[in-house]
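Q: quick one: sequence and predicted model below, then my questions.
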Amino acid sequence: QVQLVESGGGLVQAGGSLSLSCAASGRTFSTYAWGWFRQAPGKERELVAVISWSGGSTYYGDSVKGRFTISRDNAKNTVYLQMNSLKPEDTAVYYCAMHPGGLGASISPVMYKIWGQGTQVTVSS
């Protein structure tokens, strides 16, 4: 069984930066894609960024393009999300998710079968 543990959330002022990480433990898969999603109170879950198994393909939600960067370290079974120029509207619970067996950077949330517990990111104005 795979478990995902996120870290790095917190409170930051608008314009600041935060870095999230998510590490997988337990049984791992030979290949898997990673994704970051977020959900703000009263809103639907939103795709933030996804990354392929090789790391060579990424996709970003329109609201974070140019500000966020997703990366991965397969040797550490870890995915990262560097968030710069944060805005109050980035406030949400951020979830990492794993697409077991995935090679490409799928943007469909249903492909991500394993989810972390979520970490709160709050951006003050």
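A: Cool, got the structure. Numbering: from 1, shown residues only.

Q: give the contact list for N84.
A: 17, 67-69 (CB atoms under 8 Å, 6 or more residues apart in numbering). Every C-beta, even on glycine, is put in place using the N, C-alpha and C of the backbone.

Q: among those residues, who's most crowded?
A: F68 (21 neighbours; other CB atoms under 10 Å).

Q: would you mind confirming that that residue is in contact with L86?
A: No. Between F68 and L86 there is no contact under CB atoms under 8 Å: 9.2 Å.

Q: quick one: C96 from N77, how far?
A: 11 Å (CB to CB, to the nearest Å).

Q: so for those two, which residue has more residues nearby?
A: Using other CB under 10 Å, the more surrounded residue of C96 and N77 is C96, with 29 against 19.

Q: now do the contacts for D73.
A: Contacts of D73 by CB under 8 Å, 6+ apart are 79-80.

Q: local confidence estimate at it?
A: D73 is assigned 96 on the pLDDT scale.

Q: quick check: bridge partners of it?
A: T78 (DSSP bridges).

Q: cool, the one 10 residues further on as well?
A: Bridge pairing for M83 (DSSP bridges) gives the partners L18, F68.

Q: pretty sure it contacts A14?
A: No. The pair M83 / A14 is not scored as a contact, 12.0 Å apart, by CB under 8 Å.

Q: follow-up on the earlier one: I'd like the contacts of N84 as CSV, with pLDDT appended.
A: CSV is the format used below for those (pLDDT from 0 to 100):
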residue, pLDDT
S17, 98
R67, 98
F68, 98
T69, 98
